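> Please find the sequence and the predicted model below.
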Amino acid sequence: MFITQFCLLFVLLSSTSSLRCYKGYALLKGSSIGNTTKECGKETDFCYNATADVASFSTIQKAGCNTVLCQYSMNECVEKNITGIPMKFCCCNTEDYCNKGEQTVGFPPRAQK
């Protein structure tokens, strides 16, 4: 009986898979992060997608797996303005490949000073 329970527990634990995320970066507005994927290594990992609109033709976007970066924005997006540059940072672990996002179309134009 004990061996049967142990085997069942082993099968259940080994069948759980790690979170899978898109991994990559894009530099030009209108481009995408691509289709490269990664299996996250930690149970606490989240998929993330960070976007920064740095110029009229350039939007930097990076995606991957991380625990530390997402500890304060679990399953949500946060928008911030850092030194005049609008940034959006999203984290999710609700499903595999939840960090695909849209193409890097950027943010609304910045107000002229």
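All right, it came through fine.
> residues touching Gly41, list them.
By CB atoms under 8 Å, 6 or more residues apart in numbering, the contact list for Gly41 reads 18, 65. The C-beta positions use only the backbone N, C-alpha and C, and glycine is treated the same way.
> Which residue ranges of the chain form strands?
Ranges of strands within the chain are 20-22, 24-28, 37-39, 46-53, 58-66, 76-82, 85-92, based on DSSP state E.
> Turn those into CSV, including distance to Gly101, mean neighbour count and mean pLDDT.
Shown next, in CSV, are those (distance: least, CB to CB, whole Å; neighbours: other CB atoms under 10 Å; pLDDT from 0 to 100):
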stretch, distance to Gly101, mean neighbour count, mean pLDDT
strand 20-22, 8, 22, 97
strand 24-28, 10, 15, 89
strand 37-39, 14, 15, 96
strand 46-53, 5, 23, 94
strand 58-66, 7, 20, 93
strand 76-82, 10, 11, 93
strand 85-92, 7, 19, 94
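> Dump those strands to CSV, plus distance to Cys98.
Output for the strands of the chain, formatted as CSV (distance: least, CB to CB, whole Å):
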stretch, distance to Cys98
strand 20-22, 8
strand 24-28, 15
strand 37-39, 12
strand 46-53, 5
strand 58-66, 10
strand 76-82, 12
strand 85-92, 4
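> How about the contacts made by the residue nearest to the spatial centre of the chain?
Compute the mean C-alpha point of the chain, and by CA atoms, centre = their mean the closest residue is Tyr48, 1.8 Å away. Neighbour list for Tyr48: 21, 63-66, 69-70, 89-92, 99 [criterion: CB under 8 Å, 6+ apart].
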